[in-house]
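*Asks:* Next input, structure requested:
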Amino acid sequence: MVETTMDARVVNLSRGGAGLLVRELPPPDAPLRLVLTGSQGVVVEGWAVASRAQSERGWWFVHMRFSRDCPSRLLDRILEEPTDED
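*Replies:* From the prediction side, this is the model:
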């Protein structure tokens, strides 16, 4: 299996999944690994369950479902971290 890396912007994040903005869609049925770099490299695995083109040209919104719920303590830590926009 070939692994591909792409940048994604996390739009929303919950215990069960994430909403991501990406420049290209992942292959159908491909396992996804979301690496939250601001969180000391936390890796969450899952798959894309839906996608749609964004009004901003060249971007796609991907709904990612995690294979296991993100633990509450980890999610709280991630959500408390400052963002680039702060």
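*Asks:* Flag the shaky bits of this protein, pLDDT-wise.
*Replies:* Applying pLDDT under 70 to the chain flags residues 1, 37-40, 81-86.
*Asks:* can you pull out the helices in this protein?
*Replies:* Under the criterion DSSP state H, the chain contains helices at 72-80.
*Asks:* In it, where's the longest strand?
*Replies:* The residue-count maximum for a strand in the chain (DSSP state E) belongs to strand 42-53.
*Asks:* what packs against it?
*Replies:* If you count contacts as 3 or more CB pairs under 8 Å, 6 or more residues apart in numbering; DSSP states H and E, strand 42-53 packs onto strand 17-22, strand 31-36, strand 60-66. Bear in mind the C-beta positions are built from the backbone N, C-alpha and C, glycine included.
*Asks:* export the last one as CSV, just CAs?
*Replies:* Translated: strand 60-66. C-alpha atoms of strand 60-66 as CSV (Å, rounded to 0.1, in the frame of the first residue of the first chain):
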residue,chain,number,x,y,z
TRP,A,60,-12.8,20.1,-0.3
PHE,A,61,-14.6,19.5,3.0
VAL,A,62,-14.1,16.0,4.3
HIS,A,63,-16.0,14.4,7.1
MET,A,64,-13.7,12.0,8.9
ARG,A,65,-15.0,9.4,11.4
PHE,A,66,-12.5,8.1,13.9
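*Asks:* can you list contacts of it?
*Replies:* For strand 60-66, the surrounding residues in contact (CB atoms under 8 Å, 6 or more residues apart in numbering) are 8, 11, 15-26, 32, 34, 44-54.
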